[in-house]
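K.L.:
How does the following fold in three dimensions:
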Amino acid sequence: RWRSSYNTSTWISLDDYISRKKENQDSIYYIGGEDREVLMKAPAIQGLLKRGYEVLLLDDPIDEYCMQHLTEYEKAKLVNVAKGDFKLPTDDELEKKKLKKLRKMFEPLTKWWRNVLKDSIEKIEISTRLVEDPALIVASEHGYSPNMERISRAQAYASAEKQNPFMSSKRILEINPSHPIIKELLERVKVNDH
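P.N.:
Residues are numbered from 1 along each chain as shown. Below is the predicted model:
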């Protein structure tokens, strides 16, 4: 049983989640962390919440370990929204075209940022999940989520020389194209390029 964005004070099962999922929703969304109130404010889930999707809030360290091994339930894929491979669900062709246009428009900024952060960032993406925050750093598809990294570091046997390579993998930077800070950064990069 877990708490969820549907009601943070009630325990729910995966069956409860599935009974409330949207008609064309083929995934069960979850995020891991220390505190469910903090998780409810996580930038990674704001786009989902805004569109009316439910997100499981995994606030027990064992939860995320379990979810990594339980990849599917009742034909619904379990998806960690704190990973870089997560894409906000959409069948809207107009939205896909808009995203393609935004990628092209923000290319000067993403190219500049990639050069600046090349040693620590795998790639820079235009985010569809951010609502109010300017940027978000997420784990790569095969890397540890921030919560799993925190748990691994806290384990008694963890030492610098035995670090898991997934823990130190490069991150993905997602930027919010509608945020004023990101728009201003784009303009400054364009001015400096000319």
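K.L.:
Where do the helices of the protein begin and end?
P.N.:
Here the chain has its helices, by DSSP state H, at 14-20, 36-40, 43-50, 61-69, 93-105, 107-116, 146-154, 180-193.
K.L.:
Including distance to Phe86, could those helices go into JSON lines?
P.N.:
Every C-beta, even on glycine, is put in place using the N, C-alpha and C of the backbone. Listed next are the helices of the chain as JSON lines, based on distance: least, Cβ to Cβ, whole Å:
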{"stretch": "helix 14-20", "distance to Phe86": "17"}
{"stretch": "helix 36-40", "distance to Phe86": "15"}
{"stretch": "helix 43-50", "distance to Phe86": "8"}
{"stretch": "helix 61-69", "distance to Phe86": "13"}
{"stretch": "helix 93-105", "distance to Phe86": "14"}
{"stretch": "helix 107-116", "distance to Phe86": "18"}
{"stretch": "helix 146-154", "distance to Phe86": "13"}
{"stretch": "helix 180-193", "distance to Phe86": "20"}
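K.L.:
highest average neighbour count across these?
P.N.:
Neighbour counts (mean count of other Cβ atoms under 10 Å) averaged over each of the helices of the chain peak at helix 43-50, with a mean of 19.
K.L.:
Who are the packing partners of that one?
P.N.:
In terms of contacts (3 or more Cβ pairs under 8 Å, 6 or more residues apart in numbering; DSSP states H and E), helix 43-50 is packed against strand 27-32, strand 55-58, strand 135-139.
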